[in-house]
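J.: sequence plus predicted model, see below.
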Amino acid sequence: MDIIVPGHGSGGKLMNDLINNLIKSTLGNETIQLDDAAHLNLATTSIAFTTDSYTITPIEFTGGTIGSLAVNGTVNDLAVMGATPQFISCALILEEGLEIETLKRILVSMKEAALKAGVAIVTGDTKVVPKGKGDRIYINTAGIGVFTNPPQRREIKPHDTIIINGSIGDHGTTIMALRNNLTFSKGLSSDCAALNHLIEDVIRHYPDAIKFMRDATRGGVASVLNEITKNAPFGAKLIEDNLPVKDEVRGVADILGIDPLYIANEGKVVMIADKRCAEGIVEIMKKHPEGRDACIIGHITNEFSGKTYIQTKIGGKRILPVLIEEQLPRIC
Amino acid sequence: MSDIKKEAALLSQYLLPQPVAIMEVCGTHTTEFFRTGVKDIFPQSLRLIDGPGCPVCVTANDYLDTAIAIGWQHNCVIATFGDMMKVPSSYTSLAKEKSKGLQVEVVYSPMDAVDMAQKNPDKKFIFLSIGFETTAPAEAVCVLEAKKKNIKNFFLLPGNKLTVPAVKVLLDSGEVNIDGFILPGHVSAIIGKKAWDFIATDYGKPAVVAGFEDHDLIRGTLMLLDLIKNNTPKVLNQYTRVVRDEGNLKALEILYSVFTKGDATWRGIGVIPESGLDLKEEYADFDAYKQFPVDVPPPKEHPGCRCGELLRGVILPTDCPLFGKACSPEHAVGPCMVSSEGPCSAYYKYGRK
């Protein structure tokens, strides 16, 4: 049998075979506990706990799959709080008709992502929905991380520096190009990656310098900064000259009429840090593969309080507004 | 300092003997002047007036009313550029009707609609053909392609407009005092720089065809300011890497093999003779107006909406009492607030400090 059928969610032999022979054996016989709940031992009572659901189309793309996305996304949500991610859960909602081979590739990419991030997938769930009631596969992952340092949330002040660990808009552009059959857009790849090792390294070297971090997923870098500046007594200024945007991303974004600053990333952290440590933090990031193109992209200012804005290449300024809803392709 | 930064300094320090008002005729220019920050570095006495250059904005309400009526009354799929989705029609919008079950597909190119029609022969697809001379040749190609492939379920609702007649109407009305024009680069790539020479010869005003990058906008504005300052009524071409004097003759030939000039209704301006593109009689099989007669309630304007005056350059978005209050991108009263090239959208997004 090579596709998912309703029986795979029935609670009977088909389901047990799927879980034991495919899911558990791929995700980790040594880590997954099949009991009603996983029993975990934590080093501290201060933990971070998060959950996220993944519904991406297409489910496999250059640079990742919905599986690696689900692991890395949850790992990053924990890491940007300053926690060390340790345990992940994995709930699969499978649509009848999904090819087992595809499911296997997705599970393998989950396992690889978990190994790379150093987290254990410890518990899970599998449901099957009838054909037409889902989009092939949905994944929910919850994650637990432990704090060995205080949560990285400190008061943001004017002159703090805005840092990013690399190029902007890679993930969303890759997905949009695939969805719209922009076949000329070769060379695009999602930046889907776990950032916990990079972030932990920065915290180790600069335990008090980070004011705020967030992974710039949906809504992109501009939306992260808008969340920070909303009703704040300061503004956030980006320098267009400094923004790392790959040529192929810029090209596709131009065609679709979309600003890379609003495009989703899956392996980028926007970090607000003390100005005195900014250069050092960039150097640390650059030692990691996920931070090779790390750079300073702007700073917190006294002007335009409550707003995020950009200084363009020619020195003009404009507001980067809060995104109202999904960006739509334009007319010409 | 890089060349572009030098040019930027020239513009920001440009000395104008008196206040100057220039109009940009293209919706992409409207947003790009903001997006690149060029408008932010204008010398103080220079004012940029937005013209009727957003194709979505100048489309009158009855067009969308008709499209929605065809969709429902003839069970057709409406294929459209994303810009049109949230534009208010007289009574509703495509987005609202879609959530009620109207079949609407967003496409990136008119050819997508032809492909969809070919792949789904049991459905009828109506492409909303909105745009200026820039997009019309592509739409003409679609009709030719559909004819060649004998695709019987692809139709076009003609709504294309021509920019030159609209600029003439603005100049004739004398309603706005415009010292010079920044002319649309993409449109001019099709119709040619010469098509604009009348601005200088007939009306004694200067104009510059400009591109869309920051350096194009700066150079184009500098060229126009020089013409204004020296009182030289001429039409110049800054965008020479794309725009020829004669335009793209091949594209024009294709365009006028499928379309013919006809009267068109412009929001805020009214009917302008010979300012629209109708499908030629021999392509009537593809004309949604002819193939799908519908009952449409009389079009209605939204009380208080000043998009019309805005599109004639009479007011700025911020002069409209609804701007940013009753009218915002989430709850747009007029099209200028939702179209990505609409002046209100640009002011709302980038202009508020």
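T.: In hand now; what should we look at?

J.: tell me who's in contact with B:Lys234.
T.: B:Ala200, B:Pro206, B:Leu227 (Cβ atoms under 8 Å, 6 or more residues apart in numbering or on different chains). (Each C-beta comes from the backbone N, C-alpha and C, glycine too.)

J.: the one helix or strand A:Val249 maps to packs against which elements?
T.: A:Val249 belongs to helix A:247-256 when assigned by DSSP states H and E. Judged by 3 or more Cβ pairs under 8 Å, 6 or more residues apart in numbering or on different chains; DSSP states H and E, the packing partners of helix A:247-256 are helix A:170-179.

J.: buried residues in the helix it packs on?
T.: Of all the residues in helix A:170-179, those buried under the rule 16 or more other Cβ atoms under 10 Å in any protein chain shown are A:Asp170, A:His171, A:Gly172, A:Thr173, A:Thr174, A:Ile175, A:Met176, A:Ala177, A:Leu178.

J.: report the secondary structure state of the nearest residue to A:Gly7 once chain neighbours are set aside.
T.: Of all residues not flanking A:Gly7 in the chain, A:Leu14 sits nearest, at 4.0 Å (Cβ to Cβ, 6 or more residues apart in numbering or on different chains). Assigned by DSSP: H, G, I helix; E, B strand; the rest coil, the conformation of A:Leu14 is helix.

J.: from chain B, how far out is A:Leu14?
T.: 35 Å (Cβ to the nearest Cβ, to the nearest Å).

J.: could you chop chain A up by domain?
T.: Listed domain ranges for chain A are A:6-146, A:161-319 (source: automatic domain parsing).

J.: go through these and pick out the most buried.
T.: For the domains of chain A, the largest average neighbour count (mean count of other Cβ atoms under 10 Å in any protein chain shown) is found in domain A:161-319, namely a mean of 20.

J.: measure that one end to end?
T.: 18 Å (Cα to Cα, to the nearest Å).

J.: what average pLDDT does that domain get?
T.: Computed over domain A:161-319, the mean pLDDT rounds to 94.

J.: cool, and stretch B:267-285?
T.: On average, stretch B:267-285 scores 95.

J.: could you pick out the longest strand of chain A?
T.: strand A:84-95 (DSSP state E).

J.: equivalent analysis for chain B, please.
T.: Every strand in chain B considered (DSSP E), the longest is strand B:270-279.

J.: got the contact list for that one?
T.: Here strand B:270-279 makes contact (Cβ under 8 Å, 6+ apart) with B:136, B:143, B:156, B:158-162, B:165-166, B:169, B:255, B:258-266, B:286-287.

J.: quick one on the thing from earlier: mind putting the domains of chain A into TSV with distance to B:Gly192?
T.: Shown next, in TSV, are the domains of chain A (distance: least, Cβ to Cβ, whole Å):
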stretch	distance to B:Gly192
domain A:6-146	41
domain A:161-319	25
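
J.: B:Val176 is in contact with B:Ile49, correct?
T.: Yes - the pair B:Ile49 / B:Val176 is scored as a contact, 6.6 Å apart, by Cβ atoms under 8 Å.

J.: would you list the phi and psi of the residue in the stretch 1-150 of chain A that chain B sits nearest to?
T.: The stretch 1-150 of chain A approaches chain B most closely through A:Thr57 (15.0 Å), counting by Cβ to the nearest Cβ. A:Thr57 adopts backbone torsions of phi -120, psi 130, taken as degrees, to the nearest 10.

J.: ignoring the adjacent residues along the chain, who's closest to it?
T.: Using Cβ to Cβ, 6+ apart, the closest residue to A:Thr57 is A:Asp135 (5.9 Å).

J.: what's near enough to touch the one you found?
T.: By Cβ under 8 Å, 6+ apart, A:Asp135 lies in contact with A:Thr55, A:Thr57, A:Glu95.

J.: and the strands in the stretch 1-150 of chain B, which stretches?
T.: B:20-24, B:46-50, B:77-80, B:104-106, B:125-131 (DSSP state E, counting those that start in this stretch).

J.: just so I know, which of those lies nearest B:Ala210?
T.: Between B:Ala210 and the strands of the stretch 1-150 of chain B, the shortest gap by Cβ to Cβ is with strand B:20-24, which sits at 8.4 Å.

J.: for that closest one, which strands pair with it and how are they oriented?
T.: strand B:46-50 (parallel), strand B:180-184 (parallel) (DSSP bridges).

J.: and the gap between the closest residue to chain A within chain B and A:Lys317?
T.: Using Cβ to the nearest Cβ, the closest approach of chain B to chain A is made by B:Gly37 at 2.1 Å. As judged by Cβ to Cβ, to the nearest Å, B:Gly37 and A:Lys317 stand 6 Å apart.

J.: identify the contacts common to the two.
T.: With Cβ under 8 Å, 6+ apart as the test, B:Gly37 and A:Lys317 both reach A:Ile310, A:Gln311.

J.: what's in contact with stretch A:18-30?
T.: The contact list for stretch A:18-30 (Cβ under 8 Å, 6+ apart) reads A:8, A:32, A:34, A:90, A:92, A:100, A:103-104, A:107-108, A:110-111, A:114, A:120-121, A:124, A:126.
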